[in-house]
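**Q** no sequence for this one, just the structure:
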């Protein structure tokens, strides 16, 4: 098992630019979900008006973005696991905690629960309203991790990992 993990992370490091690009790209898509959450769900609850009532194709696009959350969480978690594997940093550990709190939100405190509670359609559930706010807070914990991941992507470009990546890919 150790050999397999070592080989995986050796591959991961060799193809770091590709891996960080995929992770950052998937995670940037989550900004659309956070915009919808804020402009529609939270705004509706706080001011009684939606600023992003998605209809038609946009409703389906936000659903597709929502389905990219799991691959985003896995790919970005690997970024921070790889860093922690090399050297412990509190920031990486904290971001890994922020990221993986999303699993609680995905499988227990779902967006459907939040919307139902905020619109009043959730009466009769056994979960309290404050839990919907916890789910929203968990979603917003992605923001510093998104910024950090984009920073790591830019750093990889600056470190000339692009040239290293292209050389290796063209050599294969």
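**A** Now that the structure is in, tell me what you want to look at. Here the structure is a predicted model, which is why all the values come from computation and not from measurement.

**Q** just checking, next helix/strand downstream of the helix or strand encompassing residue 92?
**A** Element membership for residue 92 (DSSP states H and E) is helix 90-100. Using DSSP H and E, the helix or strand that follows helix 90-100 towards the C-terminus is helix 102-107.

**Q** packing partners of that following helix?
**A** Under the contact criterion of 3 or more C-beta pairs under 8 Å, 6 or more residues apart in numbering; DSSP states H and E, helix 102-107 touches helix 69-86, helix 129-140. Quick note: C-beta positions are derived from backbone N, CA and C, even for glycine.

**Q** so which of those helices gets nearest residue 39?
**A** In terms of C-beta to C-beta, the element of the helices and strands packed on helix 102-107 nearest to residue 39 is helix 129-140, at 12.7 Å.

**Q** any buried residues in that closest one, and which?
**A** By neighbour count with 16 or more other C-beta atoms under 10 Å, helix 129-140 contains the buried residues 132, 133, 134, 135, 136, 138, 139.

**Q** check the offset of the helix holding residue 92 from the chain's centre.
**A** Relative to the mean C-alpha coordinate of its chain, helix 90-100 is positioned 12 Å out (C-alpha atoms, centre = their mean, to the nearest Å).

**Q** tell me the angle that helix makes with helix 69-86.
**A** Computed by axes from the mean of the first three to the mean of the last three C-alpha atoms, to 10 degrees, the angle separating helix 90-100 from helix 69-86 equals 160 degrees.

**Q** contact partners of helix 90-100?
**A** 73, 76, 77, 80, 81, 83, 84, 141, 142, 144, 145, 148 (C-beta atoms under 8 Å, 6 or more residues apart in numbering).
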